[in-house]
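> Build me a model:
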Amino acid sequence: MTSIEIRGTDFVVDGRIVNQGRTLDGIPLDGLLLNSRMINGAFDDANPETVHRWAYPDTGVWDADRNTREFLAAMPQWKADGLDAFTIGVQGGSPQGYSTEQPWNNAGFTAEGALQEGYRERLGRILEEADRLGLVVILDIFYHGQDHRLRDEPAIHRAVTEVCTWVLRSGWRHVLLEIANEVNWHNHYTHSLIKAERVHELIALAKSVTYEGRRLLVSTSFLAHPPIITERVVTEADFVLIHGNGTPAPDRLREMVEEIKATPGYTPKPIMFNEDDHFDFDKPDNHMKAALAAGASWGYFDPGSVTTDPPQPTLGDYENGYQAVPVNWGVSTETKRAFFATLRSVR
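Sure thing, here's the model as predicted:
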């Protein structure tokens with residue numbers, strides 16, 4: 001059984017500081033999780049008007065179970081190449097990589113906040129395999145453009161409580177909880193409870209859910225737009241989650257880490273980038289190395305298209321990226337190969 005704990009600013013896996021004594025190009029990795037956003041491993045679309053968009057090129061139809069089977073088949077190689085953790089979501093992420101509108105229905109929850117059985121089953125298979133392989137899972141609950149499908153705040157409370165209870169009662173100890181993705185982009189979320197000003201209430205709720213004296217470690221992620229953290233979240237969260245998308249240069253990641261540490265209420269705890277769409281793995285200075293050198297974990301986000309400003313949506317071609325559906329979960333492109341080669345270069 002795989003377990004995740006926190007000691008000060010370090011992540012601890014199976015009782016040992018993760019990556020202790022290891023380096024990437026001379027950068028110490030002690031306590032840092034090398035991670036990747038694999039958010040749509042349990043994705044499905046309950047909207048008959050949009051589900052055709054995700055059809056596999058070889059069959060002409062979308063198949064949620066195939067998506068999860070192929071995710072499971074790819075996981076051992078991710079681990080062998082050096083991946084420590086991945087982010088996956090109950091409401092997934094945009095199946096177009098980036099989106100301004102989201103008419104599809106990634107129905108992880110009922111309107112009342114109950115976890116849908118199909119999602120529970122697919123996520124459960126992924127969590128079991130991650131546990132077996134020794135991979136940490138960052139489990140995201142809510143995604144913008146989909147949260148409106150929950151009816152009201154009681155439904156949101158139920159969703160958080162039900163996910164926490166399910167994970168704890170299943171005996172999994174390798175799961176970190178992310179309440180919601182990018183809570184500080186104000187037009188993202190319908191419910192005020194999931195926005196930056198109030199999301200600390202849900203962090204506290206998740207922390208209050210216990211089973212046999214144990215609870216989950218909880219946070220929520222912020223986009224790199226101000227505010228990159230709030231005092232209430234930095235105080236309440238067990239660790240800090242931040243994204244590197246939209247940052248102009250590696251130096252900005254270093255600055256963000258220092259800004260977080262200077263936020264009133266911050267006490268020593270891990271800081272993690274679990275989404276960043278900047279690569280340049282062959283360069284001596286890049287976003288990954290900047291974050292790690294600043295003492296923050298770093299996460300690869302490959303949306304499936306060339307990053308543009310502003311980002312543009314893309315349809316999945318079953319080759320590029322790890323978000324645009326249908327996803328090829330293998331190491332199928334030069335960008336993916338460059339990331340995993342970087343992981344293999346850790347010594």
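> drop to CA atoms for contacts and neighbour counts, all remaining ones
Will do.
> Quick check: the most centrally placed residue in the chain vs L177, distance?
Relative to the mean C-alpha position of the chain, the nearest C-alpha, by C-alpha atoms, centre = their mean, is the one of T87, at 3.0 Å. Look at T87 and L177: by C-alpha to C-alpha, to the nearest Å, they are 9 Å apart.
> shared neighbours, these two?
Common contact partners of T87 and L177 (C-alpha atoms under 8 Å, 6 or more residues apart in numbering): I138, L139, D140.
> For the stretch 1-150 of the chain, which segments are assigned as strands?
Assigned by DSSP state E, counting those that start in this stretch, the stretch 1-150 of the chain shows strands spanning 4-7, 10-13, 16-17, 23-24, 27-28, 34-37, 85-89, 136-142.
> List of residues touching the fourth one?
Strand 23-24 is touched from outside by L29, K289, S345, V346, R347, with contacts defined as C-alpha under 8 Å, 6+ apart.
> Sort out which of those are buried, if you could.
L29, K289, V346 (16 or more other C-alpha atoms under 10 Å).
> Closest to G93 out of these?
Using C-alpha to C-alpha, K289 comes nearest to G93 of the buried ones among the contacts of strand 23-24, at 25.4 Å.
> so who does the closest one touch?
L24, I27.
> do the same with the one 5 residues further on
Taking C-alpha under 8 Å, 6+ apart, we find A294 in contact with R254, V257.
> Give me the pLDDT value at it.
The model reports A294 with a pLDDT of 98.
> before we move on, the earlier item: to I271, which of the strands of the stretch 1-150 of the chain lies closest?
That would be strand 10-13 among the strands of the stretch 1-150 of the chain, by C-alpha to C-alpha, at 9.1 Å.
> That closest one pairs with which strands, and in what direction?
When pairing is defined by DSSP bridges, strand 10-13 lines up against strand 4-7 (antiparallel), strand 16-17 (antiparallel).
> Same list, these, but as JSON lines with mean neighbour count, mean pLDDT and distance to A294 please.
Shown next, in JSON lines, are the strands paired with strand 10-13 (neighbours: other C-alpha atoms under 10 Å; pLDDT from 0 to 100; distance: least, C-alpha to C-alpha, whole Å):
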{"stretch": "strand 4-7", "mean neighbour count": "18", "mean pLDDT": "98", "distance to A294": "18"}
{"stretch": "strand 16-17", "mean neighbour count": "17", "mean pLDDT": "98", "distance to A294": "17"}
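> These into a markdown table, with extra columns for distance to R337?
Output for those, formatted as a markdown table (distance: least, C-alpha to C-alpha, whole Å):
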| stretch | distance to R337 |
| --- | --- |
| strand 4-7 | 27 |
| strand 16-17 | 27 |
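> To W329, which of those lies closest?
With C-alpha to C-alpha as the yardstick, what comes closest out of these is strand 4-7 (24.4 Å).
> Alpha carbons of the closest one, in CSV - could you do that?
Coordinates of each C-alpha in strand 4-7 appear next as CSV, following Å, rounded to 0.1, in the frame of the first residue of the first chain:
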residue,chain,number,x,y,z
ILE,A,4,1.5,10.1,1.3
GLU,A,5,2.3,12.3,4.2
ILE,A,6,3.8,15.8,4.8
ARG,A,7,6.7,16.7,7.0
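> what sits up against it?
Contacts of strand 4-7 (C-alpha under 8 Å, 6+ apart): 11-15, 136, 173-176, 217, 269-270.
> between those residues, which is closest to M38?
V136 (12.3 Å).
> ok, now how distant is that closest one from P48?
V136 is 34 Å from P48, by C-alpha to C-alpha.
> pLDDT below threshold where in the stretch 201-347 of the chain?
Applying pLDDT under 70 to the stretch 201-347 of the chain picks out residues 306-311.
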